[in-house]
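Trainee: coords please:
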Amino acid sequence: MEKVLQPFFTIFDENRNAFTRYSSYEERKLSDMKGYFANEARRQQMEEQGNPIVYRVYKQDVPLKEGELLHCITMIEPGHVDGEFFMTKGHYHLNEDCAEIYYGQKGKGLLLMQKGDRTETIEMNPGTVAYIPAGWGHRTVNVSQHEPFVFFSVWPAQSGYNYQRALDEPFQKKAVVDGDSYKLV
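Mentor: Model (predicted):
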């Protein structure tokens with residue numbers, strides 16, 4: 001007999017930028033981001049000088065099957081590697097029929113998406129709801145130099161992740177420091 005998932009809830013703790021209850025936690029430090037920044041030598045130097053946390057993920061797990069929805073809170077710290085803002089690794093879904101939704105909660109971010117040679121960007125502020133269509137690779141960037149960027153995401157549990165593809169087919173646009181703001185290069 002298959003175990004039935006019971007209804008549950010989570011609460012966003014604004015002081016911690018996290019769920020009050022979560023089933024898994026991941027943090028990505030610069031040591032986990034080899035190959036993602038344009039200046040690998042500077043990334044490695046920053047890793048050796050303290051290896052700061054780039055982002056944290058607080059996830060509520062569910063069975064990884066069709067019909068269920070995963071959701072998480074992601075917090076990207078302020079910072080940059082040689083002018084390139086801190087970001088998530090970015091990924092494609094193994095099941096390319098799966099879309100995803102992001103909801104900006106705090107700070108200022110940028111959602112970078114690509115599919116083949118097509119790229120799209122959406123500025124993410126508190127209250128922004130962004131839709132990532134099926135088949136599009138996506139990555140988020142904290143474009144603030146002073147505060148974390150926090151967003152909520154929800155996606156089909158059967159989607160899976162392909163992080164390697166984001167390395168094999170690097171995102172064509174990068175967000176870099178431009179005074180107190182950013183520019184895409």
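Trainee: Okay, E27 and T140: tell me how far apart.
Mentor: In this view, E27 and T140 are 15 Å apart by C-beta to C-beta, to the nearest Å. Every residue, glycine included, has its C-beta placed from N, CA and C.
Trainee: go on, H80?
Mentor: Separation of H80 from T140 (C-beta to C-beta) stands at 15 Å.
Trainee: and what of Q164?
Mentor: 18 Å.
Trainee: circling back: okay, H80 and T140: which has more neighbours?
Mentor: Between H80 and T140, counted using other C-beta atoms under 10 Å, T140 has the larger neighbour count: 26 against 20.
Trainee: For that one, which three-state class applies?
Mentor: strand (DSSP: H, G, I helix; E, B strand; the rest coil).
Trainee: can you tell me which residues contact it?
Mentor: 74, 76, 87-88, 90, 102, 109-112, 124, 149, 151 (C-beta atoms under 8 Å, 6 or more residues apart in numbering).
Trainee: 6 Å instead, please
Mentor: Going by C-beta atoms under 6 Å, 6 or more residues apart in numbering, T140 touches 88, 109, 111.
Trainee: Sketch out the low-pLDDT regions of the protein for me.
Mentor: Low-confidence segments of the chain, defined by pLDDT under 70, are located at 1-2.
Trainee: In this structure, spot the helix with the most residues.
Mentor: helix 40-48 (DSSP state H).
Trainee: Would you mark the buried spots in whichever helix or strand comes after that one?
Mentor: Sequence order places strand 53-60 as the next helix or strand after helix 40-48, per DSSP states H and E. Buried residues in strand 53-60, counted by 16 or more other C-beta atoms under 10 Å: 54-60.
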